[in-house]
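*Asks:* no sequence for this one, just the structure:
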């Protein structure tokens, strides 16, 4: 594992596997990004489904090649669905990725995330404020936005990876895919991603697609690289954050 | 009823009626497509509202000219709203359309759909995998996507129409509007529709708009024709699935 | 207070304050517009979060600079979150704006709104039909759309402001910011706003952003002015309502 995975060819190879198999990706995600993450997954070559009912999540996850759990707009009903789905994924060997949106904002979010971690996500995708919050540091977030840079959270990401066994995909100006004490930097991207709601959530969804065809570290690096590249392409075609959002989906389909 | 209904002029006539009356269309639909279906209905000339609370659906459907029920992201709360709304629609003569998203994926979805069919939808809009699942065949879907072509489900669509009395709007590369043993083919469209989440759900919503001003068979054929035409127009202006989604709404407004 | 507030420079001044402070805006809004309002708030310089769970809304609103409550797709779970959040906002001096979507359509909506008014919103943003419904007049709406012009609701808006102490931001072809018996007209905008779902909801969200940095009357006038200006800019770049929606977000970021 090293920088060679970040080249154009290596995320392209993982993405080619996604396109070749159109894996079903089970998403329990937030209301804000359901549409854009479904479109991103379709553009990337996967087959997304959004399913959260406690009556069916355990059955649905067994049909799926990977599971995405994003707590952005959680409530008691969604949390039950998330817990059942994560437990079933763990039990049946379906790899899953956790996006702990805004985990530092309330005690409720912290408690839900610590519970979900017991079902052993393969990847945790988060910004610096969220990683610091999961590690017990406070004050690094404003709502769902990080006030810290990704490099400031690198040590916390390594500790989180060691504690959970998960790959930590830490996003910011520079992204890092962290496993134990090793971190692979992924550079590039464009500041317009920060002006579009859900760009982090889209990255998480792409991790889910890549988890269906690659190991957790490869999947994280490929998703981070694909998203950085798509943001660069989209920015050349955009007049602002609204046209950027559409151009990003176009770029992910290329 | 025949091919003449598929001409440019005939769906245009139904659509002109929609624009002239701006019918209120009551939608209980999934979280992924609420925005795009509301925008599609507005572009098409209807007045959409998304209302799912059990406390008000029966009252709201009586104000409406048609009802759209789409089970994409169902849960117990939404299902209660759907059942109350469908029953009220049936009781008060408000025509309604059912979109049984992913019905083949879980026993829960199958059970909910069989219950909803008792309230006699005027139209069922679905892909081949969903039609086959409603007819008791298994394995024709991957999550919410069909693995079968629409022609493979034509016999099942006819059987479903006979059993329920509904027009079946079966979508795929070629669409079919099926009533008893008669099927009207609607051709055209563009493959980019398959890369945009909710293109089938948008078609279902347009069926709802047309049901407000036309009989079920005319409504199905008009909605299928309008959507195929809009997809063709949008594809000429799109650089990928993201710009296609915006261009599709533009085209539906023309 | 007068027309001078409506000049380009004055809403620009409020908006500059938003950009300088990136205030956290807590939204409990409807499923249809969660994505577009989050993107509008980001484009406008604020930091949006969508949080509705009863377990955390009271804590979250205390972290926030303003609260937006929009009843578009309400149900019992969301209503509990709204009531707790509004009460906490009132108790802790966090200004909040109410969007009573479709309040005239059902008794349930009317009852919920009258309850929320007890928590003293700083601003009520609504169309003419909704203002008339809050004032006890019936028949001025079709679902969520107004059948009355904004000037027809001006007297009702003044009465509502006197009764509640709130500024009433009444939108239509001409917008009005109403406090007691004084009304400031805000002109401009573009008819394409009426073809895009959630343009009123976006205006409400912008009121929330402005409430974080200005008094309620200034906030209402600034949000109305910013939205009218953005609609005009977007219309020059749009080919229809789909491209208008993306162009509106671009324009709000300028």
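*Replies:* Thanks, I have the structure now. Because the structure is predicted, anything quoted here is derived from the model rather than measured.
*Asks:* now the residue nearest the centre of chain A: how far from residue C:113?
*Replies:* For chain A, the residue nearest the mean C-alpha position is residue A:204 (1.5 Å; Cα atoms, centre = their mean). Here the criterion is Cβ to Cβ, to the nearest Å. By it, residue A:204 lies 36 Å from residue C:113. Using the backbone N, CA and C atoms, a C-beta is placed for each residue, glycine as well.
*Asks:* chain C contacts on the stretch 151-254 of chain A?
*Replies:* Counting by Cβ under 8 Å from any Cβ of the partner chain, the stretch 151-254 of chain A comes close to chain C at A:195-198, A:238-243, A:245-246.
*Asks:* need the max-distance pair from these.
*Replies:* For these, the farthest-apart pair by Cβ to Cβ is A:198 and A:239; their separation is 19.4 Å.
*Asks:* can you give me the helices in the stretch 1-150 of chain A?
*Replies:* Under the criterion DSSP state H, counting those that start in this stretch, the stretch 1-150 of chain A contains helices at A:8-21, A:34-44, A:57-63, A:76-92, A:107-117, A:128-134.
*Asks:* residue A:113 is in contact with residue A:101, isn't it?
*Replies:* No. Taking Cβ atoms under 8 Å as the definition, residue A:113 is not a contact partner of residue A:101, at 9.6 Å.
*Asks:* the two: which has the busier surroundings?
*Replies:* Just comparing residue A:113 and residue A:101: by other Cβ atoms under 10 Å in any protein chain shown the higher neighbour count belongs to residue A:101, 30 against 23.
*Asks:* which residues touch that one?
*Replies:* Residue A:101 makes contact with A:30, A:70-72, A:109, A:130, A:144, A:200-201 under the criterion Cβ atoms under 8 Å, 6 or more residues apart in numbering or on different chains.
*Asks:* from those, which land in strands?
*Replies:* residue A:70 (DSSP state E).
*Asks:* which bits of the stretch 151-254 of chain A sit near chain B?
*Replies:* Residues of the stretch 151-254 of chain A lying near chain B (Cβ under 8 Å from any Cβ): A:237, A:245-254.
*Asks:* can I have the buried ones of those residues as a PyMOL selection?
*Replies:* Per 16 or more other Cβ atoms under 10 Å in any protein chain shown, the buried members of those correspond to this PyMOL selection:
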select buried, chain A and resi 237+245+246+247+248+249+250+251+252+253
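*Asks:* determine which two of the residues of the stretch 151-254 of chain A next to chain B are furthest apart.
*Replies:* A:245 and A:254 (15.9 Å).
*Asks:* show me where the stretch 101-250 of chain A has its strands.
*Replies:* A:123-127, A:141-142, A:145-146, A:167-171, A:175-179, A:182-186 (DSSP state E, counting those that start in this stretch).
*Asks:* who's residue A:178 bridged to?
*Replies:* Per DSSP bridges, the residues bridged to residue A:178 are residue A:168, residue A:183.
*Asks:* quick one: contacts for residue A:104?
*Replies:* Contacts of residue A:104 by Cβ under 8 Å, 6+ apart are A:110, A:129-130, A:132-133, A:138-141.
*Asks:* tell me the most packed of the residues you listed, by neighbour count.
*Replies:* Counting by other Cβ under 10 Å, top hit in the contacts of residue A:104: residue A:130 with 31 neighbours.
*Asks:* my guess is that residue meets residue A:98, correct?
*Replies:* No. With contact defined as Cβ under 8 Å, residue A:130 does not reach residue A:98; the gap is 10.2 Å.
*Asks:* not counting its neighbours along the chain, what's nearest residue A:58?
*Replies:* residue A:88 (4.0 Å; Cβ to Cβ, 6 or more residues apart in numbering or on different chains).
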